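Peer 1: Need a 3D model of the following:
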Amino acid sequence: KNPHSLDAPIPLNTKKWLPSYRGKSFPLYKEKDLSIGLAMSMKDCHNKRIFTVNMNIAIVGTGYVGLVSGACFAEMGITVYCVDTNAQKIEALKSGVIPIYEPNLDHLVLRNIEGGRLRFSTDLREVLDEVDIIFTAVGTPPDEDGSADLSYVLEVARTIGHNMQGYKLIVTKSTVPVGTAEKVRATIAQELETRGVTIDFDVASNPEFLKEGNAIDDFMKPDRVVVGVDSDRAKELMTQLYRPMLLNNFRVLFMDIPSAEMTKYAANAMLATRISFMNDIANLCEKVGADVSMVRQGIGSDTRIGNKFLYPGCGYGGSCFPKDVKALIATAHQKGYEMQVLEAVERVNEKQKNILFEKLSSYYQGELKGRKIALWGLAFKPGTDDMREAPSLVLIESLLSAGCQVVAYDPIAMDEARRRLGNKISYAQDIYETVVDADAILHVTEWKEYRMPKWEAIRKSMRTPLLIDGRNVFDPSDLSGFTYLHIG
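Peer 2: Next up is the predicted model:
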């Protein structure tokens, strides 16, 4: 049945599945397609016992986490049902139209739709009997007090409890406060009691650690996979699900459920803390005459500290850090504890989002009305069109309030900016259009295409050659004729 000999390498460009080998089916992991990156012979496959797990899963929520996770699980050979109540989004996904920007995600989704491993539905009830594991990847937006809104998570739990006919493992992948799994468990149990039936089920926590712009690689080649379980059955199911990761020596860390829930918040809070700390240090460096770039290198070379997340800038944003810091502070308040460090982290970050405006206002001594400002970057980071909590939004609001005319360009986030801002600002086709008769350039997002522009042409186009670098990426030696201001 198998056209390959035991020692023949598996072709990396094939899109098919080998029908069988010694009674097992084998997925073909394709390195160039950003899958797990295994290239081996059939003998290797047999020796390493790599075979498909006969498992179907559902992922409720087709936002950033749900869609990326679903596509990547499907790429590993698992049949995935992605469920979302937004019928328009589901119909678009069935046609291969991706609602978010993430490099290579469109190819991954299309390939697995064609392979029959990635399917979409608007009704969880329709697929419930087909799956072993249900992942919850719905939104948990912050309430007014900063705490996470669990209404969508618990609605999924109610639907499961009301309709399940056999054992299910319900796994929370959304970022949720400690104790959410117990609320999910109680909600399902209440539904089963109302129905007058007894059906076994387990809950688990499997937080995501995906970076926007690098999510597929993060999923397929993770630093670690954190899984919180409280039963042997749940652990065995999650072990089967992540077997390809285990076989490729990626770390799958099993722990209790509260610890898994806390791990996600603690990780994001730590990264946010490093960012705000370096921004605080950068601002002090300006006052004492130190160079924060030199300071960063000096402390980053200490192996106890490391060099990641030590770059000062104009504040963090996005869907994770701001929301998770607020939620962790709120969780502490609910327990009668004050997270003093994180409260300071949040204060520093909110102030830092206006640092470029403050530098601009200082340069022009507060005379900003009528000035044309070129804004380079709108997304909260490169590699995404996400503008949630983006520093650019705070900056634009301050500029407009001061009477400035804002002309912006971003390689990816222009449509999202138009949706959020409408005609409050002007939109350029490229960075060169933004600078015509501009009184300043504010560099907000460190897209690579901004790195080496034609500075002389830009200088000649501007009314005032002022560059305020919010990401400290430009070399002053390249900026002859410019006034160059930066962070720290």
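Peer 1: Show me the strands in the stretch 51-200 of the chain, by range?
Peer 2: Assigned by DSSP state E, counting those that start in this stretch, the strands in the stretch 51-200 of the chain fall at 56-60, 79-83, 118-121, 133-136, 168-172.
Peer 1: Show the average pLDDT along the last one.
Peer 2: This means strand 168-172. Strand 168-172 shows a mean pLDDT of 98.
Peer 1: in its sheet, what does that strand sit against?
Peer 2: In the sheet, strand 168-172 lines up against strand 133-136 (parallel), strand 201-205 (parallel) (DSSP bridges).
Peer 1: Output these as TSV; include the columns distance to residue 171, mean pLDDT and mean neighbour count.
Peer 2: Backbone N, C-alpha and C define where each C-beta goes, glycine included. As requested, the strands paired with strand 168-172 are arranged in TSV below (distance: least, CB to CB, whole Å; pLDDT from 0 to 100; neighbours: other CB atoms under 10 Å):
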stretch	distance to residue 171	mean pLDDT	mean neighbour count
strand 133-136	5	98	26
strand 201-205	5	98	24
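Peer 1: closest one to residue 81 among those?
Peer 2: Smallest distance to residue 81 across the strands paired with strand 168-172 (CB to CB): 9.2 Å, for strand 133-136.
Peer 1: Ramachandran angles for residue 215?
Peer 2: phi -70, psi -40 (degrees, to the nearest 10).
Peer 1: For the closest residue to residue 267 other than its chain neighbours, give its distance to residue 369.
Peer 2: Leaving aside its chain neighbours, residue 267 sits nearest to residue 209 (6.7 Å; criterion: CB to CB, 6 or more residues apart in numbering). Noted for residue 209: a distance of 45 Å to residue 369, by CB to CB, to the nearest Å.
Peer 1: Between those two, which has more neighbouring residues?
Peer 2: Neighbour totals were compared for residue 209 and residue 369, and residue 209 leads with 17 against 10 (other CB atoms under 10 Å).
Peer 1: Can you tell me the SS state at the more buried one?
Peer 2: Three-state call for residue 209 (DSSP: H, G, I helix; E, B strand; the rest coil): coil.
Peer 1: Who are the contact partners of it?
Peer 2: Taking CB atoms under 8 Å, 6 or more residues apart in numbering, we find residue 209 in contact with 218, 222-224, 226, 264, 267.
Peer 1: Same question for residue 457.
Peer 2: Residue 457 makes contact with residue 432, according to CB under 8 Å, 6+ apart.
Peer 1: And the helix or strand hosting it, what's buried?
Peer 2: Secondary structure assignment for residue 457, by DSSP states H and E: helix 455-461. Residues 455, 458, 461 are the ones in helix 455-461 that count as buried (16 or more other CB atoms under 10 Å).
Peer 1: okay, those residues in JSON lines with distance to residue 165 and pLDDT next?
Peer 2: Formatted as JSON lines, the buried residues of helix 455-461 follow (distance: CB to CB, whole Å; pLDDT from 0 to 100):
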{"residue": "455", "distance to residue 165": "67", "pLDDT": "97"}
{"residue": "458", "distance to residue 165": "65", "pLDDT": "97"}
{"residue": "461", "distance to residue 165": "68", "pLDDT": "97"}
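Peer 1: which one of those residues is nearest residue 303?
Peer 2: Using CB to CB, residue 455 comes nearest to residue 303 of the buried residues of helix 455-461, at 37.6 Å.
Peer 1: still on that earlier bit, reformat the strands of the stretch 51-200 of the chain as CSV; add distance to residue 300.
Peer 2: Output for the strands of the stretch 51-200 of the chain, formatted as CSV (distance: least, CB to CB, whole Å):
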stretch, distance to residue 300
strand 56-60, 37
strand 79-83, 40
strand 118-121, 41
strand 133-136, 36
strand 168-172, 35
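Peer 1: and the gap between the closest residue to residue 231 other than its chain neighbours and residue 257?
Peer 2: Closest residue to residue 231 apart from its sequence neighbours, by CB to CB, 6+ apart: residue 202 at 5.0 Å. Plainly put, residue 202 is 10 Å away from residue 257 if you go by CB to CB.
Peer 1: Name the residues contacting each of these two.
Peer 2: 229-230.
Peer 1: Return the residues in contact with residue 480.
Peer 2: Counting by CB under 8 Å, 6+ apart, residue 480 touches 455-456.
Peer 1: Now it. Its backbone dihedrals?
Peer 2: According to degrees, to the nearest 10, residue 480 has phi -60, psi 130.
Peer 1: how close does it sit to residue 189?
Peer 2: Taking CB to CB as the measure, residue 480 falls 70 Å from residue 189.
Peer 1: One more: residue 61?
Peer 2: Distance from residue 61 to residue 189, by CB to CB: 22 Å.
Peer 1: Right, I'll leave it there.
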